[in-house]
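1. Sharing a model prediction with you, sequence too.
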Amino acid sequence: MNMTDEYILRGKVAVPAELLEWAKWFETADMRVAKTTLKDGTWVSTVFLGIDHNFGGGQPLLFETMVFSEKGMGELDLDRYSTWEEAEKGHKKMVKKWGSMK
C-alpha cells in the first residue's frame, strides 16, 4: 500500500515518492505527455499530474487530458488515467472526439 499521494516519473512509469523527493523532481520535470492543437484553435493537453487524483482509493489517477478553447471558455472536457500508456490512448481519443465535433 502506498502511503503517499505524490509520484514522480522514471521514464514513463509513475513511482511513489516522498514529499521532498517529489518537490525536487517537480522543479525541472517535463510532465507533458502530448499536446495537439485542432484546426479551430481548440487544444488538447495531456500531462502527468504527480499527485493521485483518485480521492477515495482505488487505482491512482496520475495523468490528465484536458480540452481548452482558444476563446477562453475554460476547460471543455477532461479525463484522467493511471498510466502513461492509458494517457497516450486517451489523448488520441480526445483529439478524435473534439476534431470530429467541428
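-> Arrived safely. Bear in mind that the values here come from a model prediction, so they are computed numbers and not experimental data.

2. I would like the residues contacting the lengthiest helix in the chain, please.
-> As assigned by DSSP state H, the longest helix anywhere in the chain is helix 84-99. Identification of contacts with helix 84-99 by C-beta atoms under 8 Å, 6 or more residues apart in numbering yields 9, 12-14, 33-34, 36, 38-39, 42, 44, 46, 48, 63-65, 67, 76-77, 79, 81. Every C-beta, even on glycine, is put in place using the N, C-alpha and C of the backbone.

3. Run through the strands of the protein in chain order.
-> 7-10, 13-16, 32-37, 43-48, 63-68, 75-81 (DSSP state E).

4. In JSON lines, list those along with mean pLDDT and distance to Val95.
-> Below are the strands of the chain laid out as JSON lines (pLDDT from 0 to 100; distance: least, C-beta to C-beta, whole Å):
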{"stretch": "strand 7-10", "mean pLDDT": "96", "distance to Val95": "22"}
{"stretch": "strand 13-16", "mean pLDDT": "95", "distance to Val95": "22"}
{"stretch": "strand 32-37", "mean pLDDT": "96", "distance to Val95": "5"}
{"stretch": "strand 43-48", "mean pLDDT": "96", "distance to Val95": "5"}
{"stretch": "strand 63-68", "mean pLDDT": "96", "distance to Val95": "9"}
{"stretch": "strand 75-81", "mean pLDDT": "92", "distance to Val95": "11"}
